[in-house]
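Participant: Sequence isn't available, so here's the structure alone:
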């Protein structure tokens, strides 16, 4: 048996082909291991096995999802805005005036369940480094969060921890948190969804790519030291190779240091500004394994690394552990030798440790054909010698079987038509209040007030408005708007339509700020891909999103897949979270959701058409604990027309307020606009139940002052958007009248219902 | 190498919301009879060579000027 | 020559650019200062901005007081010569440096709080508040995890007696601050510490109000017109 001083070298591997290796414990299938042996023409060393096991993991290789994700590229609409597409750390879009924006959403679900505070904190840290790696200054974050029921004991462990982690890390970095989502469902007990989004801004010419060109260029690791964070998996290797019990117990929780990340951001941006790097990559889930193989694969294909030069926080780390460590706040850069001194000076100024650990090498034609050549040594002995492209780009691809579950028919047949509807005004009134107080609908302030939304001074809109909006820089009036949406209930009922509905809602949220949607990111949260029913949900969901993006001309620029969100055999409701980015040429034109006092007397118009659509609705869930039927029909052309009306209404200044209609329907939208502006409204509708609670898509309410009514009506006509005058802004209550009567709820009573839920559930007692 | 432990506690008259939160949780978790918890900080300071009076005095000054804020905190030194 | 107002950037400063923007909007010239340079570049006044100076793992502002830039700042501020405004983390640094009495501890709720917060300006004879009227309400941005002002009773009484409470929270202090104190000044009126952020309330588009601009127009008035502050009256 080799010991720590005597690592498993390439020559040992050649001479001991029969040594049994713990590939199964590392999550590798028999045929995957066989393929590694075929690629190398020998057994892998334990360091090589470490690299292949993490690079070919579902998380890094997208081996189950790849065949479905391809359609985002294949069906992508032609878009002049797209500067960098999928495949890089994050996509980049042009937002005008020479500015480019990069944005991406990523999951940190499982770590946030194990250790909510650190899991969520490092989730923010990871996505911020992805954005930084593209050459952009990170300028804002958002979070889409989903938990078990508010009254479940574990939610009281997970939610406050997740929120404090995001608050701690994001606030210390000085990134405004401009919105997101907060949802609750029993399926997320044990499987919370923590999806973090970051957006960054740069000039077109500043885009950086993960590549390692130029033989002789230095490979520099900079940032935090490497410790035994997140290497639960590596312990298998350690114990198997070294037969040492003490090595087997390693923490799997990564710990974040936002102050280090803040320094890393400022330091990196200065390095970029001075043009001191030719390629850069952040160290994410697979640490040094991923950054070296990916950088080499995207460059000459050749790289030589002295792995023992990696600065360690714990000197006992084995080479396999160094390769697999997920220690946070680390980056890798490719630097020309002539610029190395200046690179090191900048790092010293920011107190950032930087170490040359290797260099880019040339490869022979034959080596290039095999996928390049990455060599790593450990105190002079060669422990890795593999073609990096085989690890980074040529991982296994699975066509997992998928089949529509037979239960899907029963689910869709169980429509909400059988549910009792409110018969009296008193019932209607009571149900409006219940829906408003529902945890996924109610006021999220208990959560959002823990986030800094003002820092950097460019936040134009933040929670609780429909989308977040920031000014691109101080020197410009140009802005970008962002919204994320997901609806596990809709997607469970119909994965294709449910995903399109989530996309449509994010699109509409952005449009309701006055911005024009131009690009999409996504975080696809599903159960096990080995379950054909889940795989069917995934296939349908991706097809729905690709088709929708093609139809509305918004390319998918990147994203993330999170599988295995399930407890036992029970998967979460499939929850694709869709992020839409929009552009507004002048942020002063933005629309807000609030009926402010200066809108008193404005008419309220309902845009779009309302049908009796309650499948998967908040009403069905909150009042009847029911999930069945079909989600509301999605009409993407109607969404586009509505978006055009809202953007032009903002530009021409003919809308005093706008709010999209989604969860909870018209009842929730009216109540929110009234509460936010501190002024009531009265509306008249024909069928109060359907009008108030239906969740038909492609709808919004817009408040219009008398002098703008004609222009607004003309706008709607021009875009063929149906327009119904439903009432006026004014008074101190939400007042609803209908042919059979009516009811009113004073603002304080609305507020009491809306604002009490989360503080009552989560305030320390 | 010698090690000096510096324990820093909020002064008794200063509100300690963290400690209070822990007391609250004790009740909910069924740990009865716990009336007060105060949360503090422990620093382990390692000093080169033998620890003499001069070095100990240095650590004390470090505690006074940086590790503790005398406006709100008290500290104690122990040699381990 | 317009007034030159320095804004110190520590490695973990976050609202430094916002403070510079506010200085500029008020009509003064912002001058960036770096924590590691023991050089105030001859500025007329200094803002210590919000953020987490050196990560603030020990105590907020605890390490910043030893920064090279503070060696010139502390005696100049203590003597009454140099006007200094500490915002949020800057307030914490001023307390840790003993330029202001008391300390800022963890919010009573234990949570970070970001909200639009109404304050009542009570002392208008300082270098930073002379453009306000006594009792004027101002809505600023509160965003902090350790904004709970504490001091012993004697100190609090002294602050009250000498009119050195610059601002109080309207209603109950959201962070538990004693006597609802949001900001205080020193005996000369040249050093002011304030927990909420005036620099985030200087433009309609991005702030809850423009009520914070007064802090920056006050220093400009103080420097250019010599608006009277207690520094002159108490020497």
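Facilitator: Sure, I can see it. These numbers come from a predicted model, not from an experiment.
Participant: Spell out which residues of chain B are next to chain A.
Facilitator: Selection of chain B residues close to chain A by CB under 8 Å from any CB of the partner chain yields B:21, B:24, B:28. Heads up, the C-betas are built off the backbone N, CA and C, glycines and all.
Participant: roughly how far apart are the last one and chain C?
Facilitator: The gap separating residue B:28 from chain C is 16 Å, by CB to the nearest CB, to the nearest Å.
Participant: Among the residues of chain B next to chain A, the buried ones, what's the PyMOL command?
Facilitator: To isolate the buried ones among the residues of chain B next to chain A in PyMOL, judged by 16 or more other CB atoms under 10 Å in any protein chain shown, type:
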select buried, chain B and resi 21
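Participant: So which bits of stretch B:59-78 are buried?
Facilitator: Using 16+ other CB under 10 Å as the test for burial, stretch B:59-78 gives B:59, B:62, B:63, B:66, B:67, B:68, B:69, B:71, B:72, B:73, B:75.
Participant: again, but for stretch C:48-66
Facilitator: For stretch C:48-66, burial by neighbour count (16+ other CB under 10 Å) applies to C:48-56, C:58-65.
Participant: Break chain A down into its domains, please.
Facilitator: Chain A breaks down by automatic domain parsing into domains covering A:10-64+A:207-392, A:591-765.
Participant: re earlier: same for chain A: which of the buried residues of stretch C:48-66 are within range?
Facilitator: Answer for those near chain A (CB under 8 Å from any CB): C:50, C:51, C:52, C:54, C:55, C:56.
Participant: so how far is residue C:123 from residue C:24?
Facilitator: Residue C:24 sits 26 Å away from residue C:123, going by CB to CB, to the nearest Å.
Participant: Give me the more crowded residue out of these two.
Facilitator: Taking neighbours as other CB atoms under 10 Å in any protein chain shown, residue C:24 and residue C:123 compare with residue C:123 leading, 24 against 15.
Participant: Please report the distance of the more buried one from chain B.
Facilitator: 21 Å.
Participant: Please name the residues that touch that residue.
Facilitator: C:129, C:134, C:163, C:164, C:165, C:166, C:167, C:185, C:189 (CB atoms under 8 Å, 6 or more residues apart in numbering or on different chains).
Participant: number of nearby residues for the residue of the stretch 401-550 of chain A found nearest chain B?
Facilitator: Taking CB to the nearest CB, chain B has its nearest neighbour within the stretch 401-550 of chain A at residue A:450, 15.2 Å off. By the criterion of other CB under 10 Å, residue A:450 has 23 neighbours.
Participant: Please tell me I have it right and it contacts residue C:112.
Facilitator: Yes: counting by CB atoms under 8 Å, residue C:112 is a contact partner of residue A:450 at 4.8 Å.
Participant: what sits in contact with each of these two?
Facilitator: Listed contacts common to residue A:450 and residue C:112 are residue A:167; contacts here mean CB under 8 Å, 6+ apart.
Participant: where along chain C do the strands fall?
Facilitator: C:4-9, C:29-34, C:45-48, C:84-87, C:103-105, C:113-121, C:137-144, C:148-150, C:165-169, C:181-185, C:191-194 (DSSP state E).
Participant: Relative to residue A:112, tell me which of these wins on proximity.
Facilitator: strand C:113-121 (21.6 Å; CB to CB).
Participant: when you scan the closest one, is anything in it near chain A?
Facilitator: Yes: Strand C:113-121 reaches chain A (CB under 8 Å from any CB) through C:113, C:114, C:115.
Participant: Output those residues in TSV; the columns should cover pLDDT.
Facilitator: As requested, those are exported to TSV (pLDDT from 0 to 100):
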residue	pLDDT
C:113	96
C:114	97
C:115	96
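Participant: Tabulate these in TSV, adding columns for distance to residue A:68.
Facilitator: Shown next, in TSV, are the residues of strand C:113-121 next to chain A (distance: CB to CB, whole Å):
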residue	distance to residue A:68
C:113	43
C:114	40
C:115	44
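Participant: Tell me the helix or strand right after the lengthiest helix in chain B.
Facilitator: If you go by DSSP state H, chain B has its longest helix at helix B:17-29. For helix B:17-29, the following helix or strand on the C-terminal side (DSSP states H and E) is strand B:40-47.
Participant: rewinding a little: filter the contacts of residue C:123 down to the buried ones.
Facilitator: In the contacts of residue C:123, burial by neighbour count holds for C:129, C:163, C:164, C:165, C:166, C:167, C:185, C:189, counting by 16+ other CB under 10 Å.
Participant: and the stretch 251-400 of chain A, which of its residues are near chain C?
Facilitator: So the stretch 251-400 of chain A meets chain C at A:257, A:258, A:259, A:260, A:262, A:263, A:266, A:350, A:351 (CB under 8 Å from any CB).
Participant: Thought residue A:543 was touching residue A:496, still the case?
Facilitator: Yes: between residue A:496 and residue A:543 there is a contact at 6.1 Å, judged by CB under 8 Å.
Participant: and the two? which has more neighbours close in?
Facilitator: The neighbour count for residue A:496 versus residue A:543, taken as other CB under 10 Å, is higher for residue A:496 (20 against 17).
Participant: The more buried one: what's it in contact with?
Facilitator: A:540, A:541, A:543, A:544 are the contacts of residue A:496 under CB under 8 Å, 6+ apart.
Participant: How about the residue most central in space within chain A: what's its closest non-neighbour residue?
Facilitator: Centroid-nearest residue in chain A, with CA atoms, centre = their mean: residue A:105, separated by 2.3 Å. Nearest residue to residue A:105 in three dimensions, chain neighbours excluded: residue A:197, at 4.0 Å (CB to CB, 6 or more residues apart in numbering or on different chains).
Participant: Buried ones in stretch A:713-728, by neighbour count?
Facilitator: Using 16+ other CB under 10 Å as the test for burial, stretch A:713-728 gives A:715, A:716, A:719, A:721, A:722, A:723, A:724, A:726, A:727, A:728.
Participant: In this structure the fifth one contacts residue A:605, no?
Facilitator: By that I understand residue A:722. No: counting by CB under 8 Å, residue A:722 sits too far from residue A:605 to count as a contact (10.0 Å).
Participant: circling back to that earlier point, show me the two of the buried ones among the contacts of residue C:123 that sit farthest apart.
Facilitator: Top of the distance list for the buried ones among the contacts of residue C:123 (CB to CB): C:167 and C:189, 13.7 Å.
Participant: Residue most distant from the centroid, chain B?
Facilitator: Within chain B, residue B:30 marks the point farthest from the mean C-alpha position, 27.1 Å out by CA atoms, centre = their mean.
Participant: Secondary structure of residue A:172: a helix, I assume?
Facilitator: Yes: under DSSP: H, G, I helix; E, B strand; the rest coil, residue A:172 sits within a helix.
Participant: That one: neighbour count?
Facilitator: 26.
Participant: Run through the residues that contact it.
Facilitator: Contact partners of residue A:172, counting by CB under 8 Å, 6+ apart, are A:258, A:259, A:262, C:12, C:52, C:55.
Participant: Tell me the confidence at residue B:2?
Facilitator: You'll see residue B:2 listed with a pLDDT of 89.
Participant: again with the one 4 residues further on
Facilitator: According to the model's per-residue confidence, residue B:6 sits at a pLDDT of 96.
Participant: And for it, nearest residue in space, chain neighbours not counted?
Facilitator: Nearest non-adjacent residue to residue B:6, counting by CB to CB, 6+ apart: residue B:43, 4.2 Å away.
Participant: residue contacts, that neighbour?
Facilitator: Contact analysis of residue B:43 by CB under 8 Å, 6+ apart lists B:5, B:6, B:7, B:8, B:63, B:67.
Participant: Which ones among the buried residues of stretch B:59-78 map onto strands?
Facilitator: B:73, B:75.
Participant: Same list, the buried residues of stretch B:59-78, but as TSV with distance to residue A:148 and pLDDT please.
Facilitator: Listed next are the buried residues of stretch B:59-78 as TSV, based on distance: CB to CB, whole Å; pLDDT from 0 to 100:
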residue	distance to residue A:148	pLDDT
B:59	48	95
B:62	47	93
B:63	45	94
B:66	44	88
B:67	41	92
B:68	42	91
B:69	41	88
B:71	43	84
B:72	39	87
B:73	39	90
B:75	43	95
